[in-house]
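A.B. asks: After the sequence you'll find the predicted model.
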Amino acid sequence: MSYDFEKERNEAILAGERALDSLRAARDELNSAGNWGIVDLLGGGLISGLVKHSKMSNAQNYMEQAKWNLQNFSRELQDVNMVHNLNLELGDFLTFADFFFDGVVADWLVQDRINETKRQVEDAIRHVETILGQLRMM
C-alpha cells in the first residue's frame, strides 16, 4: 500500500475543521455565559445564574467534543509529518462554588474563569487556523 500524501492532507484538514467547529461553538456558549455572568454580577438573581450555568455546561460539552476533535486532528497531523500539542481544559469547581456560595465574590470568580477559558479557546482557534493554513499550502 502506498502513501497518498494528498489523501492524508485532506483528512487532516477535515479533522482540523471539525475541531474548529466545536471550538467556535464552545466560544459562542462562553460568550453567552459571560454576558449572563455580567447580568448575574449586577444582581440578576436565580434565573440569570441558571442560564449562565446552562451556557457554561453547554460550553463544557462543546469543549469535550473539541478535545476529542483536537486529539484526532493531532493524529491526522502525524500522518503528514506535522506534530503539534493541542490541549484544552475547563474546570468545574467554580460552578459548584457559584451555586452554593452565591454572592459577588463567587460570581466574580466564575466570571473570571469564563473569561480565562474564552482566552484559551480563542488561542486554540488561532492555533488550529494557523495549522490549517499551513496544511492548505502544502
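C.D. replies: Structure's in. What do you need? Numbering: from 1, shown residues only.

A.B. asks: And the helices in this structure?
C.D. replies: Using DSSP state H, the helices found in the chain span residues 5-41, 46-79, 93-100, 104-137.

A.B. asks: Which one of these has the poorest average confidence?
C.D. replies: Least confidently modelled of the helices of the chain is helix 93-100, at a mean of 46 by mean pLDDT.

A.B. asks: Surely M56 is in contact with I114?
C.D. replies: Yes. Taking contacts as C-beta atoms under 8 Å, M56 lies within contact range of I114: 7.0 Å. (Each C-beta comes from the backbone N, C-alpha and C, glycine too.)

A.B. asks: Spit out the residues that contact the two alike.
C.D. replies: L30, A33 (C-beta atoms under 8 Å, 6 or more residues apart in numbering).

A.B. asks: before we move on, back to that, now the helices of the chain in TSV, with mean neighbour count?
C.D. replies: Below are the helices of the chain laid out as TSV (neighbours: other C-beta atoms under 10 Å):
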stretch	mean neighbour count
helix 5-41	19
helix 46-79	19
helix 93-100	15
helix 104-137	16
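
A.B. asks: Next up, the contacts around M137.
C.D. replies: Counting by C-beta under 8 Å, 6+ apart, M137 has no contacts.

A.B. asks: Also E11?
C.D. replies: Taking C-beta under 8 Å, 6+ apart, one finds E76, D79 in contact with E11.

A.B. asks: How about L135?
C.D. replies: Going by C-beta under 8 Å, 6+ apart, L135 touches R9, A12, I13, G16, V80, M82.

A.B. asks: Just want to check the distance between it and A26.
C.D. replies: Separation of L135 from A26 (C-beta to C-beta, to the nearest Å): 22 Å.
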